[in-house]
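**Q** one predicted model, sequence on top.
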Amino acid sequence: MIPLTMVGVLTIVFFVLRLSGDPVYLFTTQESTPEEIEMLREELGFNKPLPIQYIRYLRRAVVLDFGTSLRYGEPAINLILARWPATLQLAVCALLVSIAIGLPFGAISALKRGTIWDTICSTITLIGQGAPVFWIGIMLILIFSVRLRLLPATGSGTLKHLILPSITLGAFFAARVARISRTSILEVMQKKYIVTARAIGTKELRVLYLHVLKNAAIAIVTIIGLSIPSLIGGAVMAESIFNWPGVAGFMVNAVYNRDYPVVQAGIFILSFTVAVTNLVVDVLYTYLDPQIRLGSQKV
Amino acid sequence: MNDGQNIVEIRNLKKYFPVKHKLFAKQNCLVRAVDDISFTIKKGETLGLVGESGCGKSTTGRTIVRLYKPTAGSVLYDGIDLAKLSKKEMRIMRRNMQIIFQDPFSSLNPRMTVGNIISEPFVIHNMGTKKTCKEHVEALINKVGLKGDTYYRYPHEFSGGQCQRLVIARALALNPEFIVCDEPISALDVSIQAQIVNLLEGLQEELKLTYLFIAHDLSMVRYISNRVAVMYLGKIFELGESEEIYTHPLHPYTKGLLSSIPYPNPKVERTRTRHFPSGEIPSPTDPPSGCRYHPRCPIADKKCKSDQPELKSVGKQHWVACHLI
Amino acid sequence: MSETILSVKNLNVQFITKRGIIKAVQDVSYSLEKGEAVGIVGESGCGKSVSVLSLLRLLPENLARIKSDEIRFCDTDLLHIANKDMQNIRGSKISIIFQDPMASLNPVLTIGRQLREPLIIHRMAKAKEANNKALELLRMVQIPDPEERMNNYPYEMSGGMRQRVMIAMSLICNPELLIADEPTTALDVTVQAQIIDLVKELRRRLGMSLIWISHDLGIIAGLVNRVLVMYAGTIVEEALVDDLFYTPRHPYTRALLASIPQAEGQLKRKLQPIRGSPPDLLNLPRGCLFAERCNYVKDVCRKEKPPIRRINDNHRCACWMDTTTSEVL
């Protein structure tokens, strides 16, 4: 599945590259002379017929050769891969934060449905979903870095540096987690086996974790998995604000600098990450849903 | 066509559904919903079709009115093989055969008024003007026992029993001869069921209708049917006059089935000896070899494990598919 | 002399909804002796399920309002005990099984796990002992290959098997009272017969009392000692099972019996449907709730609610008329 997805992504990039005219201009700078442009065209193979270009392109992609960065002069893929762990770190922390905030909010909303708690939690969630990442980030910087001087605003390296960016990205994602938690839990609460659980004398708390959450988890994990691209999109903003040395922020700069090889490499790596995440979610499924694990044969 | 003639004839009908169990299964599993059945329905009669889950009775009904295309075999209406008709001819043929389903609420489009719902058949077949249409519809609504002012109302304003009447009115719109009733009363309250059954009986007499009455309520089927067919895992095990089957069942499954019916009569319940089948109904994807009933049959022998019995005549209008009868 | 284990007096259950107050159960009173089997019969919306769910507080708390003069089980006041005491009673002293076995089991837990749950919650056994007890119950409900079944998940079993598991779960703590809310409605008729037979057998072995709710008069006829007939939230007739079927007094009971196909050995009798529909529970009429559909209706029926008449020690009927003589009482 994953190789197929990657070929698809690469193909789309290939054609998008050529949409805006002669692709060689994406690799040239202001100062390039016509001779240099011609040389570049020869070197990059843009003077060959399209199918040949495509095959070459794919061949190069397989060995992760996306060209040399126009700005830094190094292979684009190295620059991207060097920054990938940082993004991963941020994304994972943000995910944990979002679940830690979102799940309880969603659960309270669902269990206290119709009461004032539901209204409070739902309103906060709604605001959270509407608030842009950069707004959250800047507000947090204002409060914790500027006013309180507790946490650093930019850079990385220590745990302290990780806090604000994770919370920013996490808070942004938490709203989605809260909403899906609420819906999923409400749906499971309507099921007849919850009545059975109560009928055999189970205490409410146990009903919640053994029966409700275990079943709600399936839908929650699905939606979180499907929303990972959104998380990555948010990471673009978060890394920019906090100057976090990750792939997303680096790519933003690369776009400004028209450093096309880097952009290309970045797209590839991010797509690959998303594809792998989906795989992980699928595998997680088999632990959560016995029907998927064991197949649906009746005994 | 005279009474007593066959209006519907089923010959070696099969309907299989492919089911994929595993993503990379070499062979798709097949649900053998209907597996080589043959019978006829006489004009003006009610043929009851009974059986439990997975027996294929609903699939049979739907295949007859061509909601499903048969996998094999043929359905003849008035002697005409439905498979040989062109699309246009089939469309015209559909005016003669109708079907009503179990759930009255999901059978009616909640966004349409009752008037629109019942006039839809006229619209589809381009029959009548707006005015004659409305008159017809109101006549139909009266015929099923509802008041005229229902024309402009919506289905959700009515109860289950009333909705089922509307479903029947719609089925009668094009003056059909044959109606498949697929569990028409199962979703209704007990006291309402009698209303609908009486209505169906009255309409049958008045309009000379023929019914295929599919149900799992064995007592009700006995009440309304002239003849009954008993199905099990896609096969017909017994077919005959209603009273004959209920008083002198021959097939072991039929005996077991009838033994399972609870009677609203305490003394009878206390004193009757019952021999209902043990075990579970096997899955239609993996039916037992030979006679489908042999794993649960109290009198099964070697032949039953290997050979499938054919329906054979054992008396006046009575057929049984069993090696040991 | 049998002892009364359950006593319900003037139970009222209302549901608060946006459209108004639904009077699901009104002034229902009945009692149950030790070892007795009582059937509650009625059509949809008559309040039969609600009236037993309210005993165990299994109705949605924010919607249901339960009022009663008394709900007493053995020596416990079910109406006023704390929630945690109620949780102790559920599943161990009073068990209930429901209608839809396909949906009543948790899909992500094994059968064995769910079967052991009541024992664990009520601290009646530790892990290994619970496992053995679970196996014993699976054998008791006649499930073949019980050791294998313990590791199955619900989706791997048919409806009939799942209902047997539900019965096993409900009996594993040896309750005094088993309530069965239409447990066979969703099952095939042969499976239904097996389940009913099983329940009869288990009652013989374990001796628990039974409340069986159904709309099917046939099941009731063969299963219980005494019957309560409910209509629109009230009990209209209560009698021993033979009296109810052979000498029914209430017009609704009589009409109900006349509207269903009867047993074998009779010439075909025309079904007599009951005209009209049940009343809207949001907007109950004055007077008798069955008046609109009754064959014996008189003026007084429409004006005032009928009293409960005692026909004999075990037979009560809520009606103004004596249906045997067609006279107003």
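**A** Yep, it's here.
**Q** stretch C:25-44 near chain B anywhere?
**A** Yes: counting by CB under 8 Å from any CB of the partner chain, chain B has neighbours in stretch C:25-44: C:43-44. In short, each C-beta sits where N, CA and C put it, glycine included.
**Q** and what of stretch C:99-111?
**A** No: judged by CB under 8 Å from any CB, stretch C:99-111 makes no contact with chain B; its nearest approach is 11.5 Å.
**Q** enumerate the residues of chain C near chain A.
**A** Applying CB under 8 Å from any CB, we find that chain C lies next to chain A at C:56, C:58, C:62, C:84, C:87-92, C:95-96, C:98, C:100, C:103-109, C:117-118, C:121-122, C:148-149, C:152-153, C:155-158, C:166, C:169-170.
**Q** what comes up buried for whichever strand or helix holds residue C:88?
**A** Assigned by DSSP states H and E, residue C:88 falls within helix C:83-89. For helix C:83-89, the neighbour count (16 or more other CB atoms under 10 Å in any protein chain shown) marks C:86-89 as buried.
**Q** now flag whichever of the residues you listed is closest to residue A:171.
**A** Checking these against residue A:171 by CB to CB gives residue C:87 as the nearest, at 37.8 Å.
**Q** and the pLDDT for the closest one?
**A** Per-residue pLDDT puts residue C:87 at 93.
**Q** that one and residue B:98, how far apart?
**A** Between residue C:87 and residue B:98 the computed distance is 54 Å (CB to CB, to the nearest Å).
**Q** for residue A:222, same thing?
**A** Residue A:222 is 42 Å from residue B:98, by CB to CB.
**Q** what does residue B:211 give?
**A** From residue B:211 over to residue B:98 (counting by CB to CB), the distance is 10 Å.
**Q** which neighbours do the two have in common?
**A** Listed contacts common to residue B:211 and residue B:98 are B:178-180; contacts here mean CB atoms under 8 Å, 6 or more residues apart in numbering or on different chains.
**Q** number of residues surrounding residue B:115?
**A** Counted with other CB atoms under 10 Å in any protein chain shown, the neighbours of residue B:115 add up to 17.
**Q** was I right about it contacting residue B:148?
**A** No: assessed by CB atoms under 8 Å, residue B:115 is found out of contact with residue B:148, at 10.4 Å.
**Q** what about the chain, any weak spots by pLDDT?
**A** Defaulting to chain A. Applying pLDDT under 70 to chain A picks out residues A:20-21, A:23, A:26-29, A:295-299.
**Q** that's the wrong chain, I wanted chain C
**A** Applying pLDDT under 70 to chain C flags the ranges C:1, C:263-268.
**Q** how close does the most centrally placed residue in chain B get to residue B:73?
**A** Relative to the mean C-alpha position of chain B, the nearest C-alpha, by CA atoms, centre = their mean, is the one of residue B:214, at 2.8 Å. Applying CB to CB, the value for residue B:214 to residue B:73 is 18 Å.
**Q** residue contacts, the spatially most central residue of chain A?
**A** Closest to where the C-alpha atoms of chain A average out (CA atoms, centre = their mean) is residue A:232, at 2.7 Å. Residue A:232 makes contacts with A:91, A:248, A:270, A:273-274, as judged by CB under 8 Å, 6+ apart.
**Q** chain B: which of the residues you listed is nearest?
**A** Taking CB to the nearest CB as the measure, chain B lies nearest residue A:274 of the contacts of residue A:232, at 22.4 Å.
**Q** SS state for that closest one?
**A** Three-state call for residue A:274 (DSSP: H, G, I helix; E, B strand; the rest coil): helix.
**Q** pretty sure it sits against residue A:227.
**A** No: taking contacts as CB under 8 Å, residue A:274 lies outside contact range of residue A:227: 10.5 Å.
**Q** and the stretch 101-250 of chain C, which of its residues are near chain B?
**A** Counting by CB under 8 Å from any CB, the positions of the stretch 101-250 of chain C adjacent to chain B are C:158, C:160-161, C:188-194, C:196-197, C:215-222, C:241-242, C:245-246.
**Q** just the buried ones from the residues you listed?
**A** Using 16+ other CB under 10 Å as the burial test, these include C:158, C:160-161, C:188-194, C:196-197, C:215-222, C:241, C:245 as buried.
**Q** what segments of the chain are helices?
**A** I went with chain A, as the question did not name one. Assigned by DSSP state H, the helices in chain A fall at A:2-19, A:34-44, A:50-62, A:76-111, A:116-130, A:133-140, A:159-189, A:192-199, A:204-206, A:214-226, A:228-242, A:247-256, A:260-288, A:290-294.
**Q** not quite, go with chain B.
**A** For chain B, applying DSSP H gives helices covering B:57-64, B:87-93, B:104-107, B:114-124, B:130-143, B:160-172, B:190-207, B:218-224, B:242-247, B:252-260, B:266-271, B:302-306.
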